[in-house]
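J.: what would the 3D arrangement of this be:
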Amino acid sequence: MASDWSVYIIRTANGALYTGISTDVPRRFAEHQAGAPKGARSLRGKGPLQLVFSSPAGDRSRASKLEWHIKQWPRQRKEALVLGELSLPDAL
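T.: Predicted coordinates for the structure are as follows:
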């Protein structure tokens with residue numbers, strides 16, 4: 001349905017963190033791992049990739065807002081989220 005979006009974070013081989021959204025995180029992660037044409041261009045050639053975080057995000061609008069907010073965070077805050085020391089904001 002329209003409310004089954006998730007936000008996820010992938011770690012590249014060099015430790016960079018990539019944030020995205022999807023209705024099917026395992027499928028999307030597989031696309032990123034496979035590279036072209038469906039994987040994100042910014043992840044190509046940066047493997048092996050590791051899915052380090054995934055969380056339900058509600059509808060697409062909320063998922064997009066969460067993705068944008070996470071992308072604004074400093075690396076330390078993203079790492080805290082990955083480690084479970086921080087939870088996603090409930091209200092956006």
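J.: biggest helix in this structure, by residue count?
T.: helix 60-72 (DSSP state H).
J.: what packs against that one?
T.: strand 5-11, strand 17-22 (3 or more C-beta pairs under 8 Å, 6 or more residues apart in numbering; DSSP states H and E). Any C-beta I mention is one placed from the backbone N, CA and C, and that applies to glycine too.
J.: low pLDDT regions in this structure?
T.: Judged by pLDDT under 70, the chain has its weakly predicted residues at 1-2, 90-92.
J.: who are the packing partners of the lengthiest strand in the chain?
T.: Longest strand in the chain by number of residues, with DSSP state E as the criterion: strand 50-58. Judged by 3+ C-beta pairs under 8 Å, 6+ apart, strand 50-58 is in contact with strand 5-11, helix 25-34, helix 75-82.
J.: touching the longest one from outside, list them.
T.: So that's helix 25-34. 6, 8, 10, 18, 20, 22, 38-40, 43, 47-49, 51, 54 (C-beta atoms under 8 Å, 6 or more residues apart in numbering).
J.: buried ones from those, can you make that a PyMOL selection?
T.: For the buried members of the contacts of helix 25-34, the matching PyMOL selection, counting by 16 or more other C-beta atoms under 10 Å, is:
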select buried, resi 6+8+10+18+20+22+39+43+49+51+54
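J.: quick check, nearest of the contacts of helix 25-34 to A63?
T.: S6 (6.9 Å; C-beta to C-beta).
J.: who's in contact with that closest one?
T.: 21-23, 25, 54-57, 63.
J.: try 7 Å
T.: 21-22, 25, 54-57, 63 (C-beta atoms under 7 Å, 6 or more residues apart in numbering).
J.: which single one of the residues you listed is nearest to L86?
T.: Nearest to L86 among these, with distances taken as C-beta to C-beta, is S55, at 11.2 Å.
J.: look up how far T12 lies from the closest one.
T.: 20 Å (C-beta to C-beta, to the nearest Å).
J.: thanks again, I'm all set now.
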